[in-house]
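S.K.: sequence-free structure coming up:
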Ligand code: UD1
Ligand code: UDP
């Protein structure tokens, strides 16, 4: 069978590595994979570096869409993807997550009746002001095969009218929904050993054997609203100063571009001068694994990073008003603090006290989600 995989943003490139690896190792005689990169992310350290490092086949097509308003970006991707799907005639278009690339793929494929397999289906924040919430709902409702990483995701789909007892043959009107575990859990298990051997990030940052915190910030409502961005960075500054502990923050290009513009001048200069605040360019996935697995705790508004914090048994302070990964909160290993300076500091103090007592039972599958997905794709060739 032939699948076309659509990638575009950093996390999708990383997620796609897991299925490509399963196809290469187990299903290379049965599944041919064609890869489209929309070009949504294009800096080397947001895109090509992951393709090279994680052994993903070089994309067969790059739409080179780049940045733009939601409409401009998504429209360009729909046009480019449609053309390729008409040429390639795949059995499935495989989509990941909830970015504009995901939405574009869903619209392009569903209109010309190419069945869609959506990996990371069913996740909901119940906050439609997030572009991702719209993208994921639309992608799910256009899909034929829906693979949910968590039980919560499966329940969300059932609540929206999907029937878990549907039997093959599956179509967009009679879709199949599956709870299969998280492909990123597969990836972190697989790449951890490789990261231990190859990454030199701790040496580069002079953090070998030293305690440090890890943070990432990139959500549009945090970067684009000065009040929120200031509150988050004020808390970071206070925490790293008071605890005299470095806080490492690989900066998403969106954030890098907006820090100077949206932070108060005074705070911006304090951050530049504070030796314990380490604003660094985006790091590779192997470096990120090392930072996540060795840090004391994680501050993040990223979906992927809050989950990886859990995989590596670190508490996560979540800089959002809600999360799609509510199991982490229920387990007591994550706290939602929004962009509230006081709540960030309180959560930090809480985890500083209880960190060693936290339990991280497996919540995200058995590390074989991609093999399951490849098996279901094969059983349901269109
Ligand atoms: C996108 C996704 C978000 C995901 C994130 C992963 C949407 C709506 N959002 O957000 O769900 O969590 O990717 O990282 O799809 N930029 C560069 N170089 C790059 C890429 C981006 O400079 O290689 C800058 C540009 O100024 C661009 C901005 O970052 O305008 C935002 O990029 P964009 O892809 O539109 O959204 P993200 O914030 O990255
Ligand atoms: N990541 C990375 N380098 C970085 C920051 C993040 O490799 O400098 C990885 C991280 O480990 C996770 C993914 O990128 O696997 C998360 O992407 P991001 O936070 O951009 O998006 P989200 O998951 O929120 O959609």
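M.R.: That came in fine, so what should we check first? Since we're looking at a predicted model, the values are computed, not measured. Ligands and ions are numbered 1, 2, ... in the order given.

S.K.: CA only for contacts and neighbour counts going forward, please
M.R.: Will do.

S.K.: element containing residue 306, please.
M.R.: Secondary structure from DSSP states H and E places residue 306 in helix 303-311.

S.K.: gap between the most centrally placed residue in the chain and residue 291?
M.R.: Nearest residue to the geometric centre of the chain (CA atoms, centre = their mean): residue 304, 3.7 Å. Separation of residue 304 from residue 291 (CA to CA, to the nearest Å) stands at 14 Å.

S.K.: same check, this time on residue 329
M.R.: Residue 329 sits at a distance of 22 Å from residue 291 (criterion: CA to CA).

S.K.: So the two - more neighbours on which side?
M.R.: Per other CA atoms under 10 Å, whichever of residue 329 and residue 291 has more neighbours is residue 291, with 25 against 17.

S.K.: sec struct for the closest residue to the more buried one other than its chain neighbours, please.
M.R.: Leaving aside its chain neighbours, residue 291 sits nearest to residue 214 (6.9 Å; criterion: CA to CA, 6 or more residues apart in numbering). When classified by DSSP: H, G, I helix; E, B strand; the rest coil, residue 214 comes out as strand.

S.K.: is it true that residue 214 touches residue 245?
M.R.: No: taking contacts as CA atoms under 8 Å, residue 214 lies outside contact range of residue 245: 10.7 Å.

S.K.: Counting neighbours, go ahead and name the busier of these two.
M.R.: Neighbour count, other CA under 10 Å: between residue 214 and residue 245, residue 214 has more, with 24 against 17.

S.K.: Surely residue 135 is in a helix?
M.R.: Yes: counting by three-state DSSP, residue 135 falls inside a helix.

S.K.: Was I right to think it contacts residue 100?
M.R.: Yes: in this structure, residue 135 is within contact of residue 100 by CA under 8 Å, at 6.6 Å.

S.K.: Can you tell me the element residue 372 falls in?
M.R.: Using DSSP H and E, residue 372 falls within helix 369-379.

S.K.: for residue 132, helix, strand, or coil?
M.R.: With three-state DSSP as the criterion, residue 132 reads helix.

S.K.: Assess the claim that it and residue 99 are in contact.
M.R.: Yes: using CA under 8 Å as the test, residue 132 is close enough to residue 99 to be in contact (5.8 Å).

S.K.: wait, what's in contact with the residue in the stretch 251-382 of the chain positioned nearest to ligand 1?
M.R.: The stretch 251-382 of the chain approaches ligand 1 most closely through residue 254 (3.7 Å), counting by CA to the nearest ligand atom. Counting by CA atoms under 8 Å, 6 or more residues apart in numbering, residue 254 makes contact with 218, 223.

S.K.: count of neighbours near residue 32?
M.R.: By other CA under 10 Å, neighbour count at residue 32 equals 16.

S.K.: for it, phi and psi?
M.R.: phi -100, psi 130 (degrees, to the nearest 10).

S.K.: Which strands or helices does the following helix or strand past the helix holding residue 306 pack on?
M.R.: Note on helix 303-311: by DSSP H and E, the next helix or strand toward the C-terminus is strand 316-318. Judged by 3 or more CA pairs under 8 Å, 6 or more residues apart in numbering; DSSP states H and E, the packing partners of strand 316-318 are strand 298-300, helix 303-311, strand 334-336, helix 341-354.
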